[in-house]
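Colleague: Any chance you can model this:
(2 chains)
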Amino acid sequence: DVKVTQSSRYLVKRTGEKVFLECVQDMDHENMFWYRQDPGLGLRLIYFSYDVKMKEKGDIPEGYSVSREKKERFSLILESASTNQTSMYLCASSFSAAGYTQYFGPGTRLTVL
Amino acid sequence: GESVGLHLPTLSVQEGDNSIINCAYSNSASDYFIWYKQESGKGPQFIIDIRSNMDKRQGQRVTVLLNKTVKHLSLQIAATQPGDSAVYFCAETSGNNDMRFGAGTRLTVKP
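Modeller: Numbers count the residues shown, from 1 in each chain, chains lettered A, B, ... in the order given. So this is what the prediction gives:
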């Protein structure tokens, strides 16, 4: 069974704080993704990575950065959290070949006060 | 099912009935489709997938139908149970990590 874990289920931070969201997968997947999910907007891709130290911007990268130092771990960083970054953050991973399913973690619900 | 403003389309069924959830997609080049189930407070869970060279695929109590002519995908759940209550959304991709997700349909099962 594929397992994708995220470091926190719930997180509350203050405006201006630096926030780290961690994601780990145990299936040796090449690809890893970060999404945010907001009511009525569905899943929106923030960043993805197709290899260690590689990253690509998704649809809404502004205000975020990522780090992939090891194949199994993909971190999302909010350099200076803002209230409009309050959301559900979902990490996913997949094999690199086209047409492979993305498997999701349980999500982190981040609230920025 | 596509979202309407901030409100998800909702399907309410009686326990034991069959459910059909629909999804329209726009990219005719999409060749791989997935249905996910998302329970409240949890991440999306893979249910079933289908490739564009098929028009039907069956799993345990679930069937996915693909109509490429009208770019329509459906998920059928047989003998719906209370545990099936969740948001269901489709995803499509033509490769290159460009998976696109629908906003989802909320399924409510009445006992």
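
Colleague: Residue B:83 falls within a helix, correct?
Modeller: Yes: the assignment for residue B:83 is a helix, going by DSSP: H, G, I helix; E, B strand; the rest coil.

Colleague: Quick one: neighbours of it, just the number.
Modeller: By other Cβ atoms under 10 Å in any protein chain shown, 8 other residues sit near residue B:83. The way it works is simple: take the backbone N, C-alpha and C, and place the C-beta from them, glycine included.

Colleague: which residue is nearest the middle of chain A?
Modeller: Nearest to the mean C-alpha position of chain A, by Cα atoms, centre = their mean, lies residue A:34 at 2.7 Å.

Colleague: what sits against that residue?
Modeller: Contacts of residue A:34 were listed using Cβ atoms under 8 Å, 6 or more residues apart in numbering or on different chains, and they are A:21, A:23, A:45-48, A:58, A:64, A:66, A:74, A:76, A:89-91.

Colleague: State the pLDDT value of it.
Modeller: Predicted confidence (pLDDT) for residue A:34: 97.

Colleague: Is it bridged to anything, and to what?
Modeller: Counting by DSSP bridges, residue A:34 is bridged to residue A:47, residue A:91.

Colleague: From residue B:37, how far off is it?
Modeller: 21 Å (Cβ to Cβ, to the nearest Å).

Colleague: Equivalent analysis for residue A:83, please.
Modeller: 30 Å.

Colleague: Equivalent analysis for residue B:70, please.
Modeller: Distance of residue B:70 to residue B:37, computed by Cβ to Cβ: 24 Å.

Colleague: Residue B:15 too?
Modeller: Using Cβ to Cβ, we find residue B:15 at a distance of 17 Å from residue B:37.

Colleague: Compare these two and say which one has the larger neighbour count.
Modeller: More crowded of residue B:15 and residue B:37, by other Cβ under 10 Å: residue B:37, with 21 against 13.

Colleague: Strand partners (parallel or antiparallel) of the helix or strand hosting that one?
Modeller: Taking DSSP states H and E as the definition, one finds residue B:37 inside strand B:32-38. Next to strand B:32-38 in the sheet, as set by DSSP bridges, lie strand B:45-51 (antiparallel), strand B:86-93 (antiparallel).

Colleague: of all those strands, which gets the most neighbours per residue?
Modeller: Ranked by average neighbour count under the criterion mean count of other Cβ atoms under 10 Å in any protein chain shown, the strands paired with strand B:32-38 are headed by strand B:86-93 at a mean of 23.

Colleague: now check the first helix or strand past that one going along the chain, is it near chain A?
Modeller: Downstream of strand B:86-93, the first helix or strand assigned by DSSP H and E is strand B:100-101. Yes: using Cβ under 8 Å from any Cβ of the partner chain, we find that strand B:100-101 touches chain A at residue B:101.

Colleague: What is strand B:100-101 packed up against?
Modeller: strand B:86-93 (3 or more Cβ pairs under 8 Å, 6 or more residues apart in numbering or on different chains; DSSP states H and E).

Colleague: please redo it, this time with the cut-off set to 10 Å
Modeller: With contacts defined as 3 or more Cβ pairs under 10 Å, 6 or more residues apart in numbering or on different chains; DSSP states H and E, strand B:100-101 has these neighbours: strand A:42-49, strand B:86-93.

Colleague: now the first one: how far from the chain's centre is it?
Modeller: Put plainly, it is strand A:42-49. With Cα atoms, centre = their mean, to the nearest Å as the basis, strand A:42-49 stands 7 Å off its chain's centre.
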